[in-house]
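Engineer: Just a sequence and a predicted model for now, questions to come.
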Amino acid sequence: DIQMTQSPSSLSASVGDRVTITCRASQGISNYLAWYQQKPGKVPKLLIYAASTLQSGVPSRFSGSGSGTDFTLTISSLQPEDVATYYCQKYYSVPLTFGGGTKVEI
Amino acid sequence: EVQLVQSGAEVKKPGESLKISCKGSGYSFTNYWIGWVRQMPGKGLEWMGIIYPGDSDTRYSPSFQGQVTISADKSTSTAYLQWSSLKASDSATYYCARSSIVGATGSYFDYWGQGTLVTVSS
């Protein structure tokens, strides 16, 4: 099965900083990659799919890129409401594995 | 409006059985795969498996195959996750979620249930 590895596992940044999270697949998955945001005590929320397509209603400061095995989620200007754990998920084939998560703090 | 409404929190003893539910509304329930995701306390998301309510085709993660059973009742637009003999390590929040692409096993989740907290303790 394809494994998904996120880095870092946690980070701390200041308001207004540019934040980048990386997700690596153990095999190529084309662009079948989604990103989710889970705020403390809340349900996960879809941010990005097809590696770079922003889900409707998601602020434009979020962006995704990558293809094959290496992907990134970027927050261009970190806001207080972005404190959350972010997960990547590959949906190239079952099992639709999640990455281990990246906790973003301010 | 698409909604997935899950059953309420459960407290069970080791060895007991349990079936939790996820009722879909606001869309054609039979046309979209429904998945289950486990989140143990303080831990990440784990993909458990998915079911296609139209014909009950089911796929499991190797980690959960044989440990749980996923089912669906298209007459009530409800998906289920069940255990025959719970263990303390099954204590977690379980989410159901809808796959976004009609008919596709390989799809991200666009709508999520509110989660069901399962506590297994003697």
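Structural biologist: That came through, no problem.

Engineer: Give me the spatial nearest neighbour of the residue nearest the centre of chain B, chain neighbours excluded.
Structural biologist: The centroid of chain B falls nearest to B:W36 when counting by C-alpha atoms, centre = their mean (3.3 Å). Leaving aside its sequence neighbours, B:W36 sits nearest to B:M48 (C-beta to C-beta, 6 or more residues apart in numbering or on different chains; 4.3 Å). For glycine as for every other residue, the C-beta is placed from the backbone atoms N, C-alpha and C.

Engineer: The residue nearest to the centre of chain B pairs with what?
Structural biologist: B:G49, B:C96 (DSSP bridges).

Engineer: Find me the pLDDT at it, would you?
Structural biologist: Per-residue confidence (pLDDT) for B:W36: 98.

Engineer: Skipping its backbone neighbours, what lies nearest the residue in chain A that chain B sits nearest to in space?
Structural biologist: Of chain A, the residue with the smallest distance to chain B, taken as C-beta to the nearest C-beta, is A:A34 at 3.7 Å. Spatial nearest neighbour of A:A34, chain neighbours left out: B:Y108 (3.7 Å); criterion: C-beta to C-beta, 6+ apart.

Engineer: Quick check: phi and psi at that neighbour.
Structural biologist: Backbone torsions of B:Y108, given as degrees, to the nearest 10, read phi -80, psi 170.

Engineer: What number of residues are in the vicinity of it?
Structural biologist: For B:Y108, the count of nearby residues is 25 (other C-beta atoms under 10 Å in any protein chain shown).

Engineer: Quickly note the distance from it to A:F98.
Structural biologist: According to C-beta to C-beta, to the nearest Å, B:Y108 and A:F98 sit 11 Å apart.

Engineer: what sits in contact with each of these two?
Structural biologist: A:Q89 (C-beta atoms under 8 Å, 6 or more residues apart in numbering or on different chains).

Engineer: picking that back up, quick check, the residue nearest to A:A34 in contact with A:Y92.
Structural biologist: No. The pair B:Y108 / A:Y92 is not scored as a contact, 10.9 Å apart, by C-beta atoms under 8 Å.

Engineer: So which bits of chain A are right by chain B?
Structural biologist: Counting by C-beta under 8 Å from any C-beta of the partner chain, the residues of chain A close to chain B are A:1, A:32, A:34, A:36, A:38, A:43-46, A:49, A:55, A:85, A:87, A:89, A:91-101.
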